[in-house]
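Visitor: I'll drop the sequence and a predicted model, then ask my questions.
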Amino acid sequence: MSNDMPSRVKIVEVGPRDGLQNEPQIVPAEIKIGLIDRLGDAGLTAIEATSFVSPKWVPRMADSAQVMAGIQRKHGVSYAVLVPNMKGLDGAIAAGASEIAVFAAATETFSQKNTNCTIAESFERFEPVVRTALEAGLTVRGYISVALACPYEGDVDPHAVVPVARRLYEMGCYEVSLGDTTGAGTPVRTQRLVEALARHVPANRLAGHFHDTFGQALANILASMQMGVAVFDSSISGLGGCPYSPGATGNVATEDVVYMLDGMGIETGVKMQQLLVASEYICDFLQRPTMSRAGRALLARRQRLAQPAA
């Protein structure tokens, strides 16, 4: 294990898709567009904007084409979309997407619950998607759900994750994001996972996707950085969850990740004040406070300083 920290970390903002698709209320396209534009203004260069999935199964993403048409695309910003099949890919290409994401699970039970197929069958579904996307000039990112713990099978052996990650990488995914879907992972287990995978997929091609159910997300990010990982998914205001993972809370909040990395002197390119603007925007619409601890503290400080002296 190396204790050398990266000088720069890339943050992949997943709030507009992974966050909002799990909200109890449907968020209108114009609000999603406003959120994505504000996240771009904050300096985020990788934003997961939406998903091209069946509205029957994910009705909150039924406006994906409208969202992609409405965002103000910034130079140097990737607006990735999640696609599960060829129909989704066709929609993504028609909408002008330049990057797609595909997903697999690390356990058979979760794969069946999430996509109604085995792990092998899931690869059969999206291998032609990846091949066609690459031929069309798109980049492809891969996700692995329940890489550390499964709500149905318990703790996941790192060696069970290896063949899934290796197959995603070998088929052409430029990056493989390791999802702690239940948020049950701990730093030592996270490092063991990265250590096992790094023998097959370069550490600089791995990313961390940590939920904060047990308050371990920031610790797991730090542990991952010590192993050479320098890309992390996060969600504005801690939005998100997983309908197939009972009790799982949202992704780690982008504000918390940026606050920690700023304090460590690690560059992200993300501007906290503009990030808070995006956070207030979506939380005002949802009519609830941010789930970010750093966000709450910084907003409270700003409000206190804005009050006139007695």
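Guide: Perfect, thanks for sending it.
Visitor: and stretch 107-116, which residues are buried?
Guide: In terms of neighbour count (16 or more other CB atoms under 10 Å), stretch 107-116 has its buried residues at 107-108, 110-115. From N, CA and C alone the C-beta is placed, and that goes for glycine too.
Visitor: So residue 291 is in contact with residue 253, correct?
Guide: Yes - using CB atoms under 8 Å, residue 291 is in contact with residue 253, at 5.9 Å.
Visitor: Which of those two has more residues huddled nearby?
Guide: Ranked by neighbour count (other CB atoms under 10 Å), residue 291 and residue 253 place residue 253 first, with 29 against 24.
Visitor: beta partners for the closest residue to residue 251 other than its chain neighbours?
Guide: Take residue 251 and drop its neighbours on the chain: the residue closest to it by CB to CB, 6 or more residues apart in numbering is residue 235, 3.7 Å away. Residue 235 has these beta-bridge partners by DSSP bridges: residue 253.
Visitor: Same question for residue 175.
Guide: Residues in a beta bridge with residue 175, per DSSP bridges, are residue 141.
Visitor: quick one: it and residue 207 touch, right?
Guide: Yes - because the distance of 5.5 Å satisfies CB under 8 Å, residue 175 is recorded as touching residue 207.
Visitor: just the strands in this structure please.
Guide: Under the criterion DSSP state E, the chain carries strands at the ranges 10-13, 46-51, 78-82, 99-105, 139-145, 149-150, 154-155, 175-180, 206-210, 231-234.
Visitor: Counting by contacts, list what the last one packs against.
Guide: This points to strand 231-234. strand 10-13, strand 175-180, strand 206-210, helix 254-263 (3 or more CB pairs under 8 Å, 6 or more residues apart in numbering; DSSP states H and E).
Visitor: one more time with 6 Å, if that's ok
Guide: Packing partners of strand 231-234 (3 or more CB pairs under 6 Å, 6 or more residues apart in numbering; DSSP states H and E): strand 10-13, strand 206-210.
Visitor: Only C-alpha atoms, please: export the worst-scoring helix or strand of the chain on mean pLDDT in CSV.
Guide: Least confident helix or strand of the chain, by mean pLDDT, DSSP states H and E, is helix 293-306 with a mean of 91. C-alpha atoms of helix 293-306 as CSV (Å, rounded to 0.1, in the frame of the first residue of the first chain):
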residue,chain,number,x,y,z
ARG,A,293,-22.7,18.1,6.8
ALA,A,294,-20.2,20.6,5.3
GLY,A,295,-23.0,22.2,3.3
ARG,A,296,-25.1,22.8,6.4
ALA,A,297,-22.2,24.2,8.3
LEU,A,298,-21.1,26.5,5.5
LEU,A,299,-24.6,27.7,4.8
ALA,A,300,-25.2,28.4,8.5
ARG,A,301,-21.9,30.3,8.6
ARG,A,302,-22.9,32.4,5.6
GLN,A,303,-26.2,33.2,7.1
ARG,A,304,-24.6,34.2,10.4
LEU,A,305,-22.2,36.5,8.7
ALA,A,306,-25.0,38.1,6.7
